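Trainee: Structure here, sequence nowhere to be found:
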């Protein structure tokens, strides 16, 4: 199982939001590259980088920062504010190994197929961010009519290989992963699902590993920045 340490970018700084709320922001550093180097030194094999400026509609793409992060030498899964396929192309050109598409493909699902055809299966992930049984968009401010499994199955039929599943109510709260919902999504769609939202302690990693349907990976954010989890230890648990 792959552990993805998260680097959330806003205003040039590394931050964390609680449940995606920009008024509940904590700044953890002003040098994203230094943070990436720290995670690499701890043994990370991937980085999960989110452009919160783009997600929140603040019109900052952070492509220069992405390019600098790519020089650290780890593959980057990048999302946030990619509202067109041209935006996705720019992110890939700047150094992302995989782009995460959310609002764009939730509103127009067929664009997920177009993205896979254009960029390849391994370069595309879809974001299924859920609260109250529905998928949310636009930085988790707008609810869609889609249920995660329903939309996930549609994406899987289009050839989408990767999905990022976030339980919005748990994001930044350190209350544990919603393993049941994540595992169900993996089982019902056959996609490689990456769990996000709520990781707090090593037992959360163990719970994801023990899920009845295999989960591809897990994103760890706030727990790393508060010190409640050590990345090297998390990586060891994930691979043991």
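Mentor: Perfect, thanks for sending it. Bear in mind that the values here come from a model prediction, so they are computed numbers and not experimental data.
Trainee: Adjacent strands (with direction) for the lowest-mean-pLDDT helix or strand in the chain?
Mentor: The helix or strand of the chain with the poorest confidence is strand 21-29; it has a mean of 78 (mean pLDDT, DSSP states H and E). Here strand 21-29 is paired, per DSSP bridges, with strand 13-18 (antiparallel).
Trainee: Pull out the buried residues from stretch 53-66.
Mentor: Neighbour counts over stretch 53-66 (16 or more other CB atoms under 10 Å) mark 53-56, 60-63, 65-66 as buried. C-beta: built from backbone N, CA, C; applies to glycine.
Trainee: Same question for stretch 226-240.
Mentor: 229, 231, 234-235, 237-238.
Trainee: and if you look at stretch 65-78?
Mentor: 65-66, 68-70, 72, 74, 76-78.
Trainee: elements contacting the helix or strand hosting residue 163?
Mentor: Per DSSP states H and E: residue 163 is located in strand 162-167. Other helices and strands packing on strand 162-167, by 3 or more CB pairs under 8 Å, 6 or more residues apart in numbering; DSSP states H and E, are strand 124-131, helix 148-157, helix 179-189, strand 192-196.
Trainee: thinking again about what came up before, now do whatever helix or strand comes next after the least confident helix or strand of the chain: everything it contacts.
Mentor: As assigned by DSSP H and E, the chain's next helix or strand after strand 21-29 is helix 32-41. Residues from elsewhere that reach helix 32-41 (CB atoms under 8 Å, 6 or more residues apart in numbering): 5, 7, 9, 12-14, 28-29, 47, 49, 65, 68-69, 71-74, 224, 231.
Trainee: Perfect, I'm done here.
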